[in-house]
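1. model the following, please.
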Amino acid sequence: MNTSDAITRVIVLGATGSIGTQTLEVIEHLNTLRDRGRARRRYQVVGLAAGSRGADLAALAHRFGDPTVAIADRDIPCTAKRVLRGADAPERLVRETPCDLVVAAMVGAAGLPATLEAVRLGLDVALANKETLVAAGSLVLAEARAHGARLLPLDSEHSGIWQAMCGATDPAHACAPPNAPPRGLRRLVLTASGGPFRGRSADELARVTPEEAMRHPTWRMGPKNTIDSATLMNKGLELIEAHWLFGVPSEQLDVLVHPQSIVHALLELTDGSVLAQLGATSMKGPIQWALTFPDRAEPPVPMLDLAALARLDFEPPDHDRFPAIGLARLAMQKGGVAPAAMNAANEIAVRAFLEKTIRFVDIPEIVREVMESVAQPTAVDLNAIGMADAQARELAQQRTQRRVAARTGAPRM
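-> Residues are numbered from 1 along each chain as shown. So this is what the prediction gives:
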């Protein structure tokens, strides 16, 4: 992203989702600041992509000057002026639309092809799609380095690490990922709210409903990310993402439960110092930092009131009741396609839970079973990752059906 440009052209992948809509609200906020002479750049939305919400996508297009839109589902009506259709439409949108920044906010593995295309074009990518680095971190990082693309993390935790690193290291490290860890780093710590079921017993977890799981205590996110937060799988995915973004091995990555969700990340240094990044419980702050980096602008949300905070609590995660973090560490240790298989199985299991087909506690069990069954190829490329993803989804679906059959007495598939 060229900071001297008067206009920054932006494509938003996953425009109708939670991160996508908040990104567009931040863009409106920054453009208002620019109109008032309080920001350096103007942001022009030149492309929007979504999976199937054609009416919402068209409404956003009309609101932002009728950019080109891409919709993955060919059969969904969309009244925008310029529409690309089909599973490869987001990828074509990135390839065919001149831009400066791609916001990768599509949920799940579906966002990988378009994100990888942006990286290969050497574009800045504001990355909210955890699954891109989880499934294909080695490929994405190799392409980013080869083509000079920068990966600007939108997750609050990774944004917190990035911001702390910018203030903690020498100027050579005060840049966007991918980069090497700072000298003197002992440990990177991501924080987790603990989700809505922190402190629940194993018996209670076996009976929780999707409606309960969707009531996150501090964050407002889409269904997939909210369930991942409840199982702590989101922290597992984020550990793998941090490994690739910041070049830190698994043994230097850790998680602390922090219910207030005010401290987003900590850098623990070898001399005993701990640097923390604090911010309001809103994704708009990290989104704005990625859009304006290396500049700062007036916040899109109220400033954090430290005097009003009664306390900041920290505790280790309960790995027995919430085994997802351990599964992610296992996936990192196994390497290859194991993270892709873990991610794919989790997507299927989360969807089944939301549809009330399986129990909450079945989600990590299915993921573990699939990880143990997916074959590890000798070479890892995009084709191998795709095959592992497909195999893991099929296996996860089979495990789901077996649980349904066991519960209802129906014949097993």
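2. now do the end-to-end distance for stretch 85-98.
-> 18 Å (Cα to Cα, to the nearest Å).
3. flag every buried residue along that stretch.
-> By 16 or more other Cβ atoms under 10 Å, the buried positions in stretch 85-98 come out as 85, 89-94, 97. The C-beta positions use only the backbone N, C-alpha and C, and glycine is treated the same way.
4. can you report how many residues neighbour Ala390?
-> 12 (other Cβ atoms under 10 Å).
5. reduced to three states, what does it come out as?
-> Classification of Ala390 using DSSP: H, G, I helix; E, B strand; the rest coil returns helix.
6. so where does the closest residue to it other than its chain neighbours fall, helix or strand?
-> Sequence neighbours aside, Ala344 is the residue nearest to Ala390 in space, at 7.8 Å (criterion: Cβ to Cβ, 6 or more residues apart in numbering). Using DSSP states H and E, Ala344 sits within helix 338-354.
7. now the strands for the stretch 1-150 of the chain?
-> 7-13, 42-50, 68-71, 83-85, 101-104, 124-127 (DSSP state E, counting those that start in this stretch).
8. what mean pLDDT does the fourth one get?
-> Mean per-residue pLDDT for strand 83-85: 96.
9. centre of the chain to it, how far?
-> Averaging C-alpha positions (Cα atoms, centre = their mean, to the nearest Å) puts strand 83-85 25 Å from its chain's average.
10. which strands or helices does it pack on?
-> strand 68-71, helix 89-96 (3 or more Cβ pairs under 8 Å, 6 or more residues apart in numbering; DSSP states H and E).
11. quick one: strands adjacent to the first one?
-> The strands that strand 68-71 pairs with in its sheet are strand 42-50 (parallel), strand 83-85 (parallel) (by DSSP bridges).
12. other residues contacting that strand?
-> 15, 46-52, 54, 57-58, 60-61, 78, 80, 82-85, 89-90, 92-93, 96-97 (Cβ atoms under 8 Å, 6 or more residues apart in numbering).
13. circling back: the residue nearest to Ala390: how many residues sit nearby?
-> 30.
14. wait, what's in contact with it?
-> For Ala344, the contacting residues are 109, 135, 370, 388-390, 392-393, 396, by Cβ under 8 Å, 6+ apart.
15. what does Pro90 give?
-> 13, 49, 70, 72, 106, 111, 113-114 are the contacts of Pro90 under Cβ under 8 Å, 6+ apart.
16. re earlier: format the helices and strands packed on strand 83-85 as a markdown table; extra columns: distance to Arg351 and mean pLDDT.
-> Below are those laid out as a markdown table (distance: least, Cβ to Cβ, whole Å; pLDDT from 0 to 100):
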| stretch | distance to Arg351 | mean pLDDT |
| --- | --- | --- |
| strand 68-71 | 20 | 97 |
| helix 89-96 | 20 | 97 |
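17. pLDDT-wise, what's the bottom of the contacts of Pro90?
-> Gly111 (86).
18. any idea how many residues pack against that one?
-> 25.
19. now the nearest residue to it once chain neighbours are set aside. Its backbone dihedrals?
-> Distances taken as Cβ to Cβ, 6+ apart put Asn129 closest to Gly111, at 4.1 Å, once the chain neighbours are dropped. Phi and psi for Asn129, reported as degrees, to the nearest 10, are phi -90, psi 100.
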